[in-house]
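In: requesting a structural model of the entry that follows:
(2 chains)
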Amino acid sequence: MSQDITVKLTGVDKSYAEGGRHRTVLKNTNAEFPARQFIVVQGRSGSGKSTLLNLLGGLDLPDRGEISCNGQIINRLDEEQRTLLRRRQIGFVFQFIHLLPTLTVAENLGLPLELNQVEAGEARARIEQFLTEFSMLDRMHDFPDQLSGGEQQRIAIARAVIHRPALVLADEPTGNLDRATERQVLAVLEQLPEAHNVTVICATHSPEVAAIADAVYQLDGGGLQRV
Amino acid sequence: MKLRLYVFSRRYLRHPWQLILGITGIALGVGVVLAIDLTNASSERAFAIANQSVAGRITHQIVSTTGSIDEAVYVDLRMRHGLRVLVPVVEGWIRTGPGETYRLLGFDPVAVLGGDQALTSPALNLAVVNLLRQRGSILLPEHLLQPLQAEPGASLEVTANGRTQTLTVAGLIPADKALQSQALSSVIITDISTAQTVLGMQGRLSRIDLVLEAAEVDRLASVITLPLQLLTAAARGNAMTQMTRAFRINLTALSLLALVIGAFLIYNTMTISVLQRREQIATLRTLGLLRSELLFLILGEALLLACAGLICGTGLGVALSHYLIKLASRTISDLYFLNEVRAIYLNGWSFGKAALLGLGATLLAGYFPARDALNIAPELTRSRSRLERHTRFRQRRQIFIAVLTAVMAAVILYLSDKSIVAGFTALALIIMTFALLSPALLVVLIKLARPLLSILFGLTGVIAVRSVLAGLSRTQVAVTALAIAISATIGVSIMIGSFRLSVQDWLAGLLQADIYIAAENGPAAAIDPQLVAHIRKQPGIARIATAGWRDLWLDEAPQQLLVRNLDEEIFSHYRFRDNADTDRWRQFTTTDSVIVSESYAYHHNVKTGDRITLPTDKGMQAFTVAGVYVDYSSDQGVICMYSDIHARWWSGLNVTSLSLYLAPSQDSAAVLRKLHDDLLNRYDLSVRSNRSLRELSLQIFDRTFVITEVLRVLTIIIAFTGILGALLAIQLERGREFGVLRAFGMTPRDLWKLVLSESGLMGAMAGLIAMPLGITLAAVLIYVINRRSFGWSMDFVLSPQYLLSAMVLGVAAGILAGIYPAWRMAAILPAQVLHDE
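Out: Sure, this is the predicted structure:
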């Protein structure tokens, strides 16, 4: 399913009305993210990093401009088409993890495969492969509340790539973790582009994450600049 | 598909109480609807069966305005007109003991045996032959053997019209499935001659049952003239159904209210469930779940709840119907006609209706939360504060829709004339209006209450107020559901209270006599004229008023004519709705005039000065309406005529009641005792003082509303279940918050106080919101529903006790519902909930 993909932003504007005020988050933003790279977008809190990822993932629409994935203009797709794009082409890693509490570890991994109608046998094999790779095979029948924070985030990362997407969007994936756990999670993230043929775009203000990136961008005052 | 289902379904394994509460709401609502429908269906079926003939499926009946038919008419019809199936019937009521009244049905065994054998059954024919063997014999239904302590071959003493006679039990009425056997399962059968002797109807018949073909109907219609009338067989059955229609519609409406509250409970459960799973839903949408797939999941969940609720509700409904049928049967006997509905008629239509309503209500209730779930934006950061802001924005839209529903209700009421269904539709729209306004009202009331609560309860009060406001997306639904249930209770209470006061006033005005004597033995009983003459001569009795009833048939519908012999002073106690400037007494007693009850005037669009036409022994005759009077004795309406005027147009009338007015300074108890000892103990009469008759009347009134009370209690239980579920969900979501408070030094006792303050506050707000809605509902029930259902009007009386009871009920429900969540929260170990994992 993965392929060479270029994610491109052209003249993108985005602003919000919040508490009666109008806040511009992105202004005439342009960028092109090459395939199979680990890209970090840095910026202070409130600079618009999450907004940028929402736009890239088709979760939100820009006020102006274009966002494209391999030539396909995301913001011209209707809601259902964007949902299907997320289902097939994109994986997400959240700051607060968001594993589904009523599903076991194995079932959380199985959910993207079920949505993509992967055959049961193939799905089982893939789940076991990823759990082995992430050293969590013995936890496959546990529920998320039985795991530590680092273990949960590793499972979340596995969930983001198990359906072989082209793009992984990670929003502050280590924001809630201690230093030691952060290093474990970073080790997993770092090898994703090569091991799983994905482009990873990670929003963070952590210098440790930026240190392992192939490219670092700075989001400031609505503009995106490569550092 | 499986994993998507697990996301939602496993949640109930962790919180089974939410599942139980959700199912309970629908089960209770469906159960009540089914129970009422089964009760109504059973009553209707019993009415239809009661009027079947011993000859089976008849098509027509001949009755007389005089109350009975000369036997010669039957002979004439059989000999001259060659009618094929013609069954003379004598029927009346007999007593076998105090309070034991049964219908006695007498027919000609030869006519039945010689008639169309396809209409009877061999078992019945065999039983009928037994009647021919011995004079004065009867057939009993098997289930009466034990209560009558009788057996075949034994004697049975029966009393009718003041005379006691001994009959012999010749055999049993066979209990097969043939309809006529079912018809006969609640009567005592005898031959016609015995019935005539027992009921004092020698040479007379009650009616003649016929099976006519189409051509015969036209021929016979030209032959049968007043005082005889030819009615279709359906007319009598329809009459019973029609008489109780308003009563049954009101019961059905109450049951639908229970279903609405149950549906609200589902809405409550589903809404909170969606809110609690907001994060999971957003995650699923982010992972690529389509909106249509999400809608399918949520509605599917609602449907599964509905199915579980239906199964439980069906069992509950059947069980409840066995209790309700007794109450309904008793009320119908008290108010309309003697009847005994024993068996529940389990029919597919009732079950189907309850199932459809339950499923429909659940899907409708589940649709709105499902639609809200579709609007949950999949985004990487989700703000709870944005949800609450969205909730407040939605309130503005709800207020707009509320205005629309209020206008619709007003238009329907204005345009719908006398339709009861339209009245209830408007009532439903009014409830919807308040439900839509309730969230905004909640915000206003809480903000107004904040300073007072802060003074009374300190920081606890402040936290309670802020928590309810901050969690509006969750609190408003529970409060609205409880408010609607409480308002229904208040509205019905105000209506019943106002009605009772109106009835009390009416009784106080009308019942002026000292002693009342009435014939027992059910309808068409009579007081011996010699006894009446004898009582007139008793010392201490200043004057007597008499009354008798005549049953008329007008356009295939029954109409009661009350015939009174009274003086001007007694007449002056009638309260008239119109202030006509005429000498009403003179008009009533000297011209062809009647006075009509308010119900009659309403149902027949009649007012003072109009003319109505009645079938008399001498043909159709017009009478002028001299006045419309207040009367709560019959919702079908009564026409009242002076005895002298009656005598001009009809012959013969049984006096069924006497009102005795004692001379001044007479001791009514002593006079009563003397009358009883000297005269009355030989007759089958009820003798009551003024006071005891008023008490009995109010007892009957109170009994009538027992069934309403049962339904009201069930409605409150359903709503309480809803608020319990909502409070549990809300409090459990805030486990971490309470853990922080405990870590800061709040004791378990302080936590109890906090949780109960919040839940009590929500209950109090529900009580406050319920007040204006309850008053509005009462007004609609009094001025629209009651008027359209029964035709009478009453005063609207608002006592402060009802408003106080709303608050008490709300606070009590809130605090009770808060006990379990408070206990759970107080038992939390702070470390448990503050731990990240």
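
In: which helices and strands sit right next to the host helix or strand of B:Thr269?
Out: Taking DSSP states H and E as the definition, one finds B:Thr269 inside helix B:245-276. Contacts defined by 3 or more CB pairs under 8 Å, 6 or more residues apart in numbering or on different chains; DSSP states H and E place helix B:245-276 against helix B:16-50, helix B:291-335, helix B:348-374, helix B:420-470, helix B:472-510, helix B:706-733, helix B:786-790. For every residue, glycine as well, the C-beta is placed using N, CA and C.

In: which of those helices is buried the deepest?
Out: Of all the helices and strands packed on helix B:245-276, helix B:16-50 carries the top mean neighbour count, a mean of 24, counting by mean count of other CB atoms under 10 Å in any protein chain shown.

In: quick check: mean pLDDT of that helix?
Out: Average pLDDT, helix B:16-50: 81.

In: next one: stretch B:502-520
Out: The predicted model assigns stretch B:502-520 a mean pLDDT of 87.

In: what does stretch A:37-51 give?
Out: Throughout stretch A:37-51, pLDDT has a mean value of 87.

In: quick one: end-to-end distance for that stretch.
Out: Stretch A:37-51 has its terminal residues 21 Å apart, counting by CA to CA, to the nearest Å.

In: and chain B, is it touching that?
Out: Yes. Contact of stretch A:37-51 with chain B (CB under 8 Å from any CB of the partner chain) involves A:Ser50.

In: pick out the residue nearest the middle of chain A.
Out: Residue closest to the average C-alpha location in chain A (CA atoms, centre = their mean): A:Leu169, at 1.7 Å.

In: let me see the contact set for the closest residue to chain A within the stretch 101-250 of chain B.
Out: Relative to chain A, the nearest point of the stretch 101-250 of chain B is B:Asn250 (45.8 Å; CB to the nearest CB). Contacts for B:Asn250 were tallied using CB atoms under 8 Å, 6 or more residues apart in numbering or on different chains; they are B:785, B:789.

In: let's see that with 6 Å instead.
Out: B:Ser789 (CB atoms under 6 Å, 6 or more residues apart in numbering or on different chains).

In: ditto for A:Ala158
Out: A:109, A:130, A:134.

In: so the last one touches A:Arg154, yeah?
Out: Spelled out, it's A:Phe134. Yes. Between A:Phe134 and A:Arg154 there is a contact under CB atoms under 6 Å: 5.1 Å.

In: neighbour count: those two, which is higher?
Out: Ranked by neighbour count (other CB atoms under 10 Å in any protein chain shown), A:Phe134 and A:Arg154 place A:Arg154 first, with 27 against 17.

In: now name the helix or strand holding the more buried one.
Out: Counting by DSSP H and E, A:Arg154 is found in helix A:149-161.

In: give me the angle between the helix or strand following that helix and helix A:149-161.
Out: Going down the chain from helix A:149-161, the next helix or strand is strand A:167-171, by DSSP H and E. Relative orientation of strand A:167-171 versus helix A:149-161 (axes from the mean of the first three to the mean of the last three CA atoms, to 10 degrees): 150 degrees.

In: for strand A:167-171, which strands pair with it and how are they oriented?
Out: strand A:90-93 (parallel), strand A:199-203 (parallel) (DSSP bridges).

In: so where do the strands sit in the stretch 51-200 of chain B?
Out: B:60-64, B:69-70, B:85-97, B:100-107, B:137-141, B:155-160, B:163-173, B:187-191 (DSSP state E, counting those that start in this stretch).

In: quick check: which element contains residue 9?
Out: I'll assume chain A. strand A:7-18.

In: that's the wrong chain, I wanted chain B
Out: Applying DSSP H and E as the criterion places B:Ser9 in helix B:2-14.

In: residue contacts, the residue in chain A positioned nearest to chain B?
Out: Per CB to the nearest CB, A:Arg87 is where chain A lies closest to chain B, at 2.5 Å. Applying CB under 6 Å, 6+ apart to A:Arg87 gives the contacts A:115, B:288.

In: 8 Å instead?
Out: Applying CB under 8 Å, 6+ apart to A:Arg87 gives the contacts A:112, A:115-116, A:163, B:287-289.

In: mind listing which of those residues are in strands?
Out: With DSSP state E as the criterion, strands contain none of the contacts of A:Arg87.

In: and those, which of them are buried?
Out: With burial judged by 16 or more other CB atoms under 10 Å in any protein chain shown, the buried subset of those is A:112, A:115-116, A:163, B:287-289.

In: among those, which one lies nearest to A:Leu53?
Out: Lowest distance from A:Leu53 to the buried ones among the contacts of A:Arg87 (CB to CB) belongs to B:Leu287, with 14.8 Å.

In: quick check: that closest one vs A:Arg87, distance?
Out: Per CB to CB, to the nearest Å, B:Leu287 is found 7 Å from A:Arg87.

In: between these two, which contacts overlap?
Out: Counting by CB under 8 Å, 6+ apart, the contacts common to B:Leu287 and A:Arg87 are A:112, A:115.

In: on that earlier part again, who's the residue nearest to the centre of chain A bridged to?
Out: A:Phe92, A:Ile201.

In: OK, contacts around it?
Out: Contact analysis of A:Leu169 by CB under 8 Å, 6+ apart lists A:53, A:56-57, A:90-93, A:201-203, B:380.

In: surely the residue of chain A closest to chain B is in a strand?
Out: No. Using DSSP: H, G, I helix; E, B strand; the rest coil, the assignment for A:Arg87 is helix, not a strand.

In: just name the shakiest helix or strand of chain B by mean pLDDT.
Out: Of all helical and strand segments in chain B, the minimum by mean pLDDT, DSSP states H and E falls on helix B:179-183, at a mean of 51.

In: what about the helices in chain A?
Out: In chain A, the segments counted as helices under DSSP state H are A:49-56, A:79-89, A:105-115, A:120-133, A:149-161, A:179-190, A:192-196, A:207-211.

In: packing partners for the fourth one?
Out: Applying 3+ CB pairs under 8 Å, 6+ apart, one finds that helix A:120-133 contacts helix A:105-115, helix A:149-161.
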